[in-house]
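**Student:** Following is a predicted model, sequence given first.
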Amino acid sequence: MRILYQFPLSHFCEKARWLLDHKELDYDAQNLIPGVHRAFAQLKTGQNKLPILRDQDRWIADSTQIALYLDDIYPEHALLRSDAEQYKHALAINTLADELGQHVRRWGLAHALSESEEPLEILIGEKGYLRQFSKYSKPIIKALVSKGYQLDQDKVAESKQRMDELIVILNQHLIDNYGRYFVGERLGLADISVCSMLAPILEISGTPWEKEHDEVISEEFKDYKKYLLDLPLGQYVSRIYQTERNARVDWRGI
């Protein structure tokens, strides 16, 4: 049985879920606790980040490495093209998207944790010791997340600046391919990477970042979401999620 070890709110884990769903492969999404996950990840893969895919006796860390592994072992519904130039271009877009994702994560988490406890509610899960002792676990989880992702004001501002730059670059790449896909004429790794990294800003329906009507959202966040939706890039992400995100597993995990 395949198991994807994840954080429900991580857009890198969303990318890995989407890769598996695109391949139409069965798997379970297993949640780990932020901070505590490091020992597990180090033991199994020699590094301390998620997502991690366990496929029988194989352990694969990092969403991009998961993509390469899946194409190698399960070639149907290929994520990367056989054409050398398209292959190289898709990996370049994926690299830009992964860098963007790091800055979206910092900026988005800083906003989310200042506005609502909803992210903490998702992180502690619906049952277990963290839920049973949520009065104590919430401040601990919040401190771990803030420290782990460096959510101080200067770092958040730096991430916002780089996020702006990368969005302009990716928007132009999309325009260069006539706005339908990033590489070629069908969905692939580049598209899944970019869409997953921007989903938290666009609050895509059916994802961990979908907002309820009564949730508080800052004006800065609203304005940035509108800015993105006014770009071909933002419109493309919304369209791809609506037409090609065929989720097979609940993102909430177990």
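**Tutor:** Everything's here; your move. Numbering: from 1, shown residues only.
**Student:** distance of E185 from R38?
**Tutor:** According to Cβ to Cβ, to the nearest Å, E185 stands 41 Å off from R38. For the C-beta atoms, the positions are set from N, CA and C on the backbone; glycine is no exception.
**Student:** which of the two has more neighbours?
**Tutor:** Of the pair E185 and R38, R38 is the one with more neighbours under other Cβ atoms under 10 Å, namely 16 against 10.
**Student:** Against K49, how distant is that one?
**Tutor:** Applying Cβ to Cβ, the value for R38 to K49 is 8 Å.
**Student:** Where does the closest residue to L151 other than its chain neighbours sit, in terms of helix or strand?
**Tutor:** Spatial nearest neighbour of L151, excluding adjacent residues (Cβ to Cβ, 6 or more residues apart in numbering): A110 at 4.8 Å. Secondary structure assignment for A110, by DSSP states H and E: helix 84-115.
**Student:** low-confidence ranges in the stretch 151-254 of the chain?
**Tutor:** For the stretch 151-254 of the chain, applying pLDDT under 70 flags the ranges 213-216.
**Student:** Mind doing that once more with 90?
**Tutor:** The model of the stretch 151-254 of the chain has pLDDT under 90 over residues 151-153, 208-209, 211-219, 221, 254.
**Student:** can you map out the helices along it?
**Tutor:** With DSSP state H, counting those that start in this stretch as the criterion, the stretch 151-254 of the chain has helices at 153-176, 189-202, 219-229, 232-244.
**Student:** For Q65, find the nearest of those helices.
**Tutor:** Of all the helices of the stretch 151-254 of the chain, the one in closest proximity to Q65, counting by Cβ to Cβ, is helix 189-202 (11.6 Å).
**Student:** How far away from the center of its chain is stretch 22-30?
**Tutor:** Relative to its parent chain, stretch 22-30 has a centroid offset of 16 Å by Cα atoms, centre = their mean, to the nearest Å.
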